[in-house]
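Peer 1: This is a predicted model, with the sequence first.
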Amino acid sequence: MPDYTYRPMTAADVPAAHALSVALKWPHRAQDWAMLQSVADGFVALDNGRVIGSAFACHQGAWSTIGLVIVSDDYQGHGIGRRLMDLALASIGPRTALLNATVAGAPLYRKMGFVEFGHIQQRQGTVGALTAPATPGRGLTAADHPRMSALASAATGLARGSVMQAVFADIEQAVGIDVDGQLQAFAVLRPFGRGRCIGPVVAGSAEQAQGLIEHLLAQVPDAFVRIDIPVGCGLEGFLDSVGLPGVDTVTCMSRGEIPRPSGDARAFALVTQAIG
């Protein structure tokens, strides 16, 4: 068996790691990789100095989300993915590991003790011109960032401070709904992949979430948009109607107790599948 090298990922590895996802026809931009590298512990596998595999563990309170576990097609079957997963898991300490598994990756994760607890549906498409809802809420500013972070943490059960700081650096638009003078729901539009993504979306109901998403879509007519939603969240019919059909589904898996939301807010769209 060849003697591959494994080490922590650095910012200098991002272009080569990005090329791994390009080879798989995944839509991530180099900037999307750089964002994850800035907030997570990344690991790479190398063959004579060439990056041939990657994995990330993003620590969020008592949990860590594992993502972008990739091994180059030319190196499949050599145990590289398992070794990268071992490194990611070793980095999380006492935290509980979470991940969103593709069909190809799920068998390995089951062997490593991960158990299924839900599904995420990737939806995307080119959205035509929409009319924004009459009362979508208000545009959000940097002054709202602390409250947005608090809502995102409460809605997911994860400590989202560092992740949300990275999101704030890349916001194109954000809209929110106040209740009794306090922000209670929000949605974010960001550049991602082939165009834009909407996420995170945090709201108290599917109706609130729909209004916020509809408002953001109305700002970018004819744009290619992606949104990743929990299956069964209540947005499926609306997203079908505006031209964002389901194109893929991944399986949510955990190696222990799953995080639970606190309060009334719920997550209706992810930041990314790698981060949750």
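Peer 2: In hand now; what should we look at?
Peer 1: Counting neighbours, what do you get for Val220?
Peer 2: 18 (other C-beta atoms under 10 Å). Glycine gets a C-beta too; all of them are placed from N, C-alpha and C.
Peer 1: for the nearest residue to Asp144 once chain neighbours are set aside, helix, strand, or coil?
Peer 2: Distances taken as C-beta to C-beta, 6 or more residues apart in numbering put Leu183 closest to Asp144, at 5.9 Å, once the chain neighbours are dropped. Classification of Leu183 using DSSP: H, G, I helix; E, B strand; the rest coil returns strand.
Peer 1: what's near enough to touch Leu183?
Peer 2: Leu140, Asp144, Arg147, Met148, Leu151, Gly176, Ile177 (C-beta atoms under 8 Å, 6 or more residues apart in numbering).
Peer 1: Which of those sits closest to Val39?
Peer 2: Relative to Val39, the closest of these is Met148; by C-beta to C-beta it sits at 15.9 Å.
Peer 1: For Leu36, give me phi and psi.
Peer 2: Note on Leu36: backbone dihedrals following degrees, to the nearest 10 are phi -70, psi -40.
Peer 1: Mind jotting down where the strands sit in the stretch 1-150 of the chain?
Peer 2: 5-8, 41-47, 50-60, 63-71, 96-101, 115-126, 138-139 (DSSP state E, counting those that start in this stretch).
Peer 1: from what I can see Leu158 touches Ser64, true?
Peer 2: No - if you go by C-beta atoms under 8 Å, Leu158 and Ser64 don't touch, sitting 9.4 Å apart.
Peer 1: Buried residues, stretch 11-23. List them.
Peer 2: Buried residues in stretch 11-23, defined by neighbour count with 16 or more other C-beta atoms under 10 Å: Asp13, Val14, Ala16, Ala17, His18, Leu20, Ser21.
Peer 1: Include distance to Arg123 and pLDDT when you put the residues you listed into JSON lines, please.
Peer 2: Output for the buried residues of stretch 11-23, formatted as JSON lines (distance: C-beta to C-beta, whole Å; pLDDT from 0 to 100):
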{"residue": "Asp13", "distance to Arg123": "31", "pLDDT": "96"}
{"residue": "Val14", "distance to Arg123": "27", "pLDDT": "96"}
{"residue": "Ala16", "distance to Arg123": "30", "pLDDT": "96"}
{"residue": "Ala17", "distance to Arg123": "26", "pLDDT": "95"}
{"residue": "His18", "distance to Arg123": "23", "pLDDT": "95"}
{"residue": "Leu20", "distance to Arg123": "24", "pLDDT": "93"}
{"residue": "Ser21", "distance to Arg123": "19", "pLDDT": "92"}
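Peer 1: Which parts of this structure are helices?
Peer 2: For the chain, helices defined by DSSP state H occupy the ranges 14-23, 30-39, 80-91, 106-111, 145-156, 161-168, 206-218, 236-241.
Peer 1: what residue ranges in the stretch 51-200 of the chain score low on pLDDT?
Peer 2: Filtered on pLDDT under 70, the stretch 51-200 of the chain yields the residue ranges 131-135.
Peer 1: mind redoing it with 50?
Peer 2: Scanning the stretch 51-200 of the chain for pLDDT under 50 picks out no residues.
Peer 1: can you list the domain ranges for this structure.
Peer 2: Segmentation of the chain into domains, based on automatic domain parsing, reads 5-94, 122-269.
Peer 1: Which among the ones you listed is found nearest to Ala101?
Peer 2: Of all the domains of the chain, domain 122-269 comes closest under C-beta to C-beta, at 4.7 Å.
Peer 1: Check the offset of the closest one from the chain's centre.
Peer 2: Between the centre of domain 122-269 and the centre of its chain there are 11 Å (C-alpha atoms, centre = their mean, to the nearest Å).
Peer 1: how long is that domain end to end?
Peer 2: For domain 122-269, the first-to-last residue distance is 10 Å (C-alpha to C-alpha, to the nearest Å).
Peer 1: Then stretch 67-76?
Peer 2: 18 Å.
Peer 1: And that stretch, what's buried?
Peer 2: Using 16+ other C-beta under 10 Å as the test for burial, stretch 67-76 gives Gly67, Leu68, Val69, Ile70, Val71, Ser72, Tyr75.
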